[in-house]
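[1] Attaching a predicted model along with its sequence, questions to come.
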Amino acid sequence: MIAPIRTDRLLLRPLRPADAPALADGIADFDIVQWLSRVPWPYGLRDAEAFVAMVQGEGSAHYAVTEGGAVVGVVSTADELGYWIRRSAQGRGLATEAARAAVAAHFAGGADRLTSGHRIGNDRSRRVLLRLGFSDTHRVEKQSLAAGAVTVQRMELTRAAWHRLRAAPERGKAGASSAPEAPR
């Protein structure tokens, strides 16, 4: 099981069956789903329940992103870095804060690299990945369950680059408010 992670504003914790209604409510928004390749549209409570059951069965690094006890999104480093934040919580840096914490835990666990990507046109997600230090690798055509054929910019972050960026004085100041505590 994954350990919870606290940041200045968030608690990232393992997903629970009781989270399914909040997940279904938060992601049942085409403006969010259109950017995610593995999420069906429309998305309902049964989809959320099946997702939570699958994640719990795998024991993989999928976290509920909570703010003040409310689930506002999900972040994962299971296969690659992935995340979404409900629309009402967007625009406050929560995706970057949650992703930074999950990436720190990923590299603290001994991994050498982490991949991710964003659909072309998803400038918000691209900015999150660039803030974390990800670099472009290549583009691929993918089939999105909600949007059909899409082009995805693949990106990569190595452990060495992550540590170099965390040690840089200007990055330390910019990221200080959202640096995670050590996983417990």
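    Cool, the structure landed. Numbering: from 1, shown residues only.

[2] Can you classify residue 78 by secondary structure?
    coil (DSSP: H, G, I helix; E, B strand; the rest coil).

[3] Wait, it touches residue 58, no?
    Yes: using Cβ atoms under 8 Å, residue 78 makes contact with residue 58 at a distance of 7.2 Å. Heads up, the C-betas are built off the backbone N, CA and C, glycines and all.

[4] The two: which has the busier surroundings?
    A direct count of neighbours by other Cβ atoms under 10 Å for residue 78 and residue 58 places residue 78 higher, at 16 against 10.

[5] list the contacts for the more buried one?
    By Cβ atoms under 8 Å, 6 or more residues apart in numbering, the residues touching residue 78 are 55, 58, 60, 61, 62.

[6] tell me which element the residue nearest the centre of the chain falls in.
    Residue closest to the mean C-alpha point of the chain, counted by Cα atoms, centre = their mean, is residue 83 at 2.5 Å. Assigned by DSSP states H and E, residue 83 belongs to strand 82-85.

[7] neighbouring contacts of that strand?
    26-27, 32, 35-36, 65, 72-76, 94-95, 98-99, 102, 116, 125, 128.

[8] Direction included, what does that strand pair up with?
    Paired neighbours of strand 82-85 in the sheet (DSSP bridges): strand 70-76 (antiparallel).

[9] Flag the shaky bits of this structure, pLDDT-wise.
    Residues of the chain that meet the criterion pLDDT under 70 lie in 170-184.

[10] Let's see that with 80 instead.
    The chain contains residues with pLDDT under 80 at 1, 169-184.

[11] Please, where are all the strands along the protein?
    If DSSP state E is used as the criterion, the strands of the chain fall at 5-6, 11-14, 62-67, 70-76, 82-85, 113-119, 135-144, 148-158.

[12] ok, the closest residue to residue 72 other than its chain neighbours - contacts?
    Using Cβ to Cβ, 6 or more residues apart in numbering and skipping the chain neighbours, the partner closest in space to residue 72 is residue 89 (4.0 Å). Residues near residue 89 by Cβ under 8 Å, 6+ apart: 67, 72, 73.

[13] The first one contacts residue 9, correct?
    This points to residue 67. Yes: the criterion here is Cβ under 8 Å, and residue 67 meets it with residue 9 at 6.0 Å.

[14] So the two - more neighbours on which side?
    residue 67 (18 against 15).

[15] can you pull up the bridge partners for the more buried one?
    Assigned bridge partners for residue 67, using DSSP bridges, are residue 70.

[16] how far away is it from residue 85?
    From residue 67 across to residue 85, the span is 10 Å (Cβ to Cβ, to the nearest Å).
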